[in-house]
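Q: prediction below, plus the sequence it came from.
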Number of protein chains: 2
Amino acid sequence: MAISSAAQQGDDRYSDLPSAVARREYRAGKYGSTAGVAPGYVQGNLVILPEAQASAFHRFCQLNPKPCPIIGMSDVGNPSIPALGLDLDIRTDIPQYVVWKDGEAIDRPYEVAKYWRDDLVSFVIGCSYSFEEAMMADDLPIRHIEQDVLVPMYRTNIACKSAGPFAGPMVVSMRPLKPADAIRAVQITSRFPAVHGAPVHLGLPQSIGIKDINKPDYGDAVHINDDEIPVFWACGVTPQAVIAAARVPFAITHAPGVMLVTDLKNKHLAVL
Amino acid sequence: MAISSAAQQGDDRYSDLPSAVARREYRAGKYGSTAGVAPGYVQGNLVILPEAQASAFHRFCQLNPKPCPIIGMSDVGNPSIPALGLDLDIRTDIPQYVVWKDGEAIDRPYEVAKYWRDDLVSFVIGCSYSFEEAMMADDLPIRHIEQDVLVPMYRTNIACKSAGPFAGPMVVSMRPLKPADAIRAVQITSRFPAVHGAPVHLGLPQSIGIKDINKPDYGDAVHINDDEIPVFWACGVTPQAVIAAARVPFAITHAPGVMLVTDLKNKHLAVL
């Protein structure tokens, strides 16, 4: 294939991408939040599971595409995912990881080469950074970015469809918007089904089991003005919560806030 | 043109359309609501003005496309609008009209041939029946249809952009929906900009100047369940209210609930 052989030859067109540069820096030991890194390029949530659990998890994602949109997947035991980056090494290219044993976090290493096994399968799942970029490009305000805090996230009473050991409630992220902006946000994010797509709810948090909008289950609370409504999107924390609850024998994920930076462009994910 | 000459020859392909049949029946004196007539075909609001006011009104529509989407327009003094129906005669093909003088309704005749003048221009403006059909085709409930009443409509504090004597607030129609259905309704109606398109507001009626959602300014109140939010669309009553307020010397409109049935198909208005 033309692109592969170009990469094998070290073609600068690929290795000079800001996303590829960022991955090389993380690989070399750099640390830091990936928010704002390589603008325009897709970032993703990481889930690595043994093959014994991977097929059930794959089915879980298939059944719950809004919280778990898969944007890339590896072969068994293979740490590369060329569709997301020709030189990508999933063991080293994320700033920090969490290693899970029986549902407990047992390590937070900066690379996972020593944990690598021949039966591991990597899943990369779309992330809200992509649709937030599209919203900001349309001049929509994003409160948690304005307030420089983490997006507020909530466990809901919306049950995910279960697959094998994987089951649990959908986790949603919330952004307050004026109603006309909320309508515009539905239009914009509907174009990006691979990164959570349209909101799943708006306006009535209690209807989806959120008791106190000011007390998110993850992330930070943000201010909602009187002329705004809360708008909720399916969140990539859902699969992490589900994996922890399933107490699988072994898993690796990215650490919160530090994502996999890929060579895909956000704008190329738009279906319209 | 092929279609015109077919019509001139009385080609049955055109004269047998359910929309054309309905217009001929109204022309022959039949009376009744056009709701549910010729399913699948576009119905429109009618505004007829003297040329002296028509250009300012055309500008008003251009400036306010959400409440006033023009789907057809006649030449000066010409009662036909072939783009909406080859044999259409705007003076006779609507069940009932309202004739306005200096902002007052002076007559409600069943045809307006005796009022016809060589300086009149007809505007046909998209109507919510079209997007409601698309919503129902997607299994979304429409409360005022379920309750068999008129859609509730409200004057808002959203000012239309003015043009000449034409100015005033936007009138909106309201449909209560569960939040997930409201999101779906935004997606569906966004495809139909020629018939009011996406909602202009949802969730916070007081933000757009609606004091009591149970007391609409036009139409009937409908029940809103606890798990629903009110969703508001720009309404074709806006231009009628604006024309009455402008107290133009002369105008003709359709009577409420009886629209112009055209040969356009609703589905063909979808932009996606």
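A: Structure's in. What do you need?
Q: who touches A:Pro152 in this structure?
A: Shown in contact with A:Pro152 (C-beta atoms under 8 Å, 6 or more residues apart in numbering or on different chains): A:144, A:173-174, A:213, A:216, A:218-222. Where C-beta positions appear, they are placed from N, C-alpha and C, glycine not excepted.
Q: make a ChimeraX selection of the buried ones in those.
A: Selection of buried members from the contacts of A:Pro152 for ChimeraX, criterion 16 or more other C-beta atoms under 10 Å in any protein chain shown:
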select /A:144,173,174,213,216,218,219,221,222
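Q: restricted to strands, list the contacts of A:Pro152.
A: A:173-174 (DSSP state E).
Q: gap between A:Ile142 and A:Pro152?
A: 12 Å (C-beta to C-beta, to the nearest Å).
Q: excluding sequence neighbours, find me the nearest residue to A:Leu177.
A: In space, A:Leu177 comes closest to A:Val231 once its chain neighbours are excluded; the distance is 5.2 Å by C-beta to C-beta, 6 or more residues apart in numbering or on different chains.
Q: actually A:Pro216, not the one I wrote
A: Excluding its sequence neighbours, the residue lying closest to A:Pro216 (C-beta to C-beta, 6+ apart) is A:Pro152, at 3.6 Å.
Q: from A:Pro176, how far out is the one you found?
A: With C-beta to C-beta as the criterion, A:Pro152 and A:Pro176 are 9 Å apart.
Q: nearest to chain B: which residue in the stretch 1-150 of chain A?
A: A:Lys66 (10.9 Å; C-beta to the nearest C-beta).
Q: for stretch A:261-269, list the C-alpha coordinates in CSV.
A: Taking C-alpha atoms only, stretch A:261-269 is exported to CSV below (Å, rounded to 0.1, in the frame of the first residue of the first chain):
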residue,chain,number,x,y,z
VAL,A,261,-3.4,11.6,19.9
THR,A,262,-4.1,10.1,16.4
ASP,A,263,-3.3,11.2,12.9
LEU,A,264,-7.0,11.3,12.0
LYS,A,265,-8.4,14.8,11.5
ASN,A,266,-11.6,15.8,13.4
LYS,A,267,-13.1,17.4,10.3
HIS,A,268,-12.8,14.1,8.4
LEU,A,269,-15.1,12.4,10.9
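Q: give the buried residues for that stretch.
A: Under 16+ other C-beta under 10 Å, the buried positions of stretch A:261-269 are A:261-264, A:266, A:269.
Q: repeat for stretch A:59-77
A: So, applying 16+ other C-beta under 10 Å, buried residues of stretch A:59-77: A:60-61, A:64, A:66-74.
Q: possible to save these as TSV with distance to A:Pro169 and pLDDT?
A: TSV is the format used below for the buried residues of stretch A:59-77 (distance: C-beta to C-beta, whole Å; pLDDT from 0 to 100):
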residue	distance to A:Pro169	pLDDT
A:Phe60	13	98
A:Cys61	16	97
A:Asn64	11	97
A:Lys66	13	97
A:Pro67	10	97
A:Cys68	13	97
A:Pro69	18	97
A:Ile70	20	97
A:Ile71	23	96
A:Gly72	25	97
A:Met73	24	97
A:Ser74	28	97
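Q: before we move on, back to that, out of the buried residues of stretch A:261-269, which are inside strands?
A: Those of those mapping onto strands are A:261-264, per DSSP E.
Q: out of those, which is nearest to chain B?
A: Closest approach between those and chain B, by C-beta to the nearest C-beta: A:Leu264, at 23.6 Å.
Q: ok, the residue of the stretch 1-150 of chain A closest to chain B to B:Tyr31 distance?
A: Distance, A:Lys66 to B:Tyr31, using C-beta to C-beta: 49 Å.
Q: by mean pLDDT, flag the weakest helix or strand of chain A.
A: Lowest by mean pLDDT, DSSP states H and E among the helices and strands of chain A is helix A:2-8, with a mean of 44.
Q: which residues does A:Ala159 form beta bridges with?
A: Listed by DSSP bridges, the beta-bridge partners for A:Ala159 are A:Pro169.
Q: just the pLDDT for it.
A: Predicted confidence (pLDDT) for A:Ala159: 97.
Q: you'd agree it is up against A:Ile208?
A: No. Look at A:Ala159 against A:Ile208 with C-beta atoms under 8 Å: they stay out of range, at 11.0 Å.
Q: end-to-end on stretch A:200-216?
A: End-to-end distance for stretch A:200-216, by C-alpha to C-alpha, to the nearest Å: 17 Å.
Q: other residues contacting that stretch?
A: With C-beta under 8 Å, 6+ apart as the test, stretch A:200-216 has contacts from A:66, A:152-158, A:169-170, A:172, A:174, A:182, A:221, A:224, A:229-234, B:178-180, B:182-183, B:202-203, B:227, B:229.
Q: walk me through the domains of chain A.
A: As assigned by automatic domain parsing, chain A contains the domains A:2-28+A:41-127+A:245-267, A:129-239.
Q: for those domains, give me a markdown table that also has distance to B:Pro79.
A: Output for the domains of chain A, formatted as a markdown table (distance: least, C-beta to C-beta, whole Å):
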| stretch | distance to B:Pro79 |
| --- | --- |
| domain A:2-28+A:41-127+A:245-267 | 49 |
| domain A:129-239 | 38 |
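Q: worst mean pLDDT among the ones you listed?
A: Among the domains of chain A, domain A:2-28+A:41-127+A:245-267 scores lowest, with a mean of 92.
Q: just checking, next helix/strand downstream of the helix or strand containing A:Ser19?
A: If you go by DSSP states H and E, A:Ser19 is part of helix A:18-27. Later in the chain than helix A:18-27, the nearest helix or strand by DSSP H and E is strand A:41-50.
Q: good, wrapping up.
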